[in-house]
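Trainee: any chance you could fold what I've pasted below:
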Amino acid sequence: MDANFIWWMALEPLGVGRTNARWGLSYAPGAMAGMADPDAFCNTIREVIETATEEDKEMVERIQIGSQFATETTGLLHAPLELNIKEFNAYLATQTKQ
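Mentor: Next up is the predicted model:
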């Protein structure tokens with residue numbers, strides 16, 4: 001998220017080893033009004049996001065391979081980069097307890 005735009009990604013698992021991924025950008029109307037070349041700005045942001053998603057894709061593919069390793073031991077998260085994951089997992093745990 002940025003003051004001028006939000007980048008979203010939707011991941012839809014299709015089966016073991018298959019996921020449909022879509023992403024998009026939404027801009028605040030006022031943010032684009034004062035720019036000299038809004039199209040150039042959009043293209044730059046798109047290029048950054050394409051690079052980031054390619055890097056993410058590689059990591060997700062590696063995680064998929066690693067998740068097939070049969071072990072009961074929980075792995076470690078890389079704090080602080082994955083702190084949001086840890087907090088979300090804790091939130092889900094509180095919401096799914098019966």
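
Trainee: now the element after the longest helix that the chain contains, going C-ward?
Mentor: Scanning the chain for the helix with the most residues, using DSSP state H, yields helix 38-67. Remark: after helix 38-67, the chain's next helix or strand is helix 83-96, criterion DSSP states H and E.

Trainee: and that following helix, what's its mean pLDDT?
Mentor: Mean pLDDT, helix 83-96: 83.

Trainee: got it, and stretch 8-26?
Mentor: 80.

Trainee: please save the CA atoms from that stretch in CSV.
Mentor: Extracted in CSV, the C-alpha atoms of stretch 8-26 (Å, rounded to 0.1, in the frame of the first residue of the first chain):
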residue,chain,number,x,y,z
TRP,A,8,-3.3,-6.3,-4.6
MET,A,9,-2.8,-9.9,-5.3
ALA,A,10,-5.3,-12.8,-5.3
LEU,A,11,-4.1,-16.3,-5.0
GLU,A,12,-6.5,-19.1,-5.8
PRO,A,13,-5.3,-22.7,-5.1
LEU,A,14,-6.4,-25.0,-7.9
GLY,A,15,-4.9,-28.2,-6.5
VAL,A,16,-1.7,-29.6,-5.3
GLY,A,17,1.1,-27.7,-7.0
ARG,A,18,-1.3,-25.4,-8.9
THR,A,19,-2.3,-21.9,-8.1
ASN,A,20,-4.0,-19.2,-10.1
ALA,A,21,-2.5,-15.7,-9.3
ARG,A,22,-3.9,-12.4,-10.3
TRP,A,23,-2.8,-8.9,-9.3
GLY,A,24,-3.8,-5.4,-10.0
LEU,A,25,-3.3,-1.7,-9.1
SER,A,26,-5.8,0.9,-7.9
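
Trainee: and Q68, how far is that from T53?
Mentor: 23 Å (CB to CB, to the nearest Å). No exception for glycine: its C-beta is placed from N, CA and C like everyone else's.
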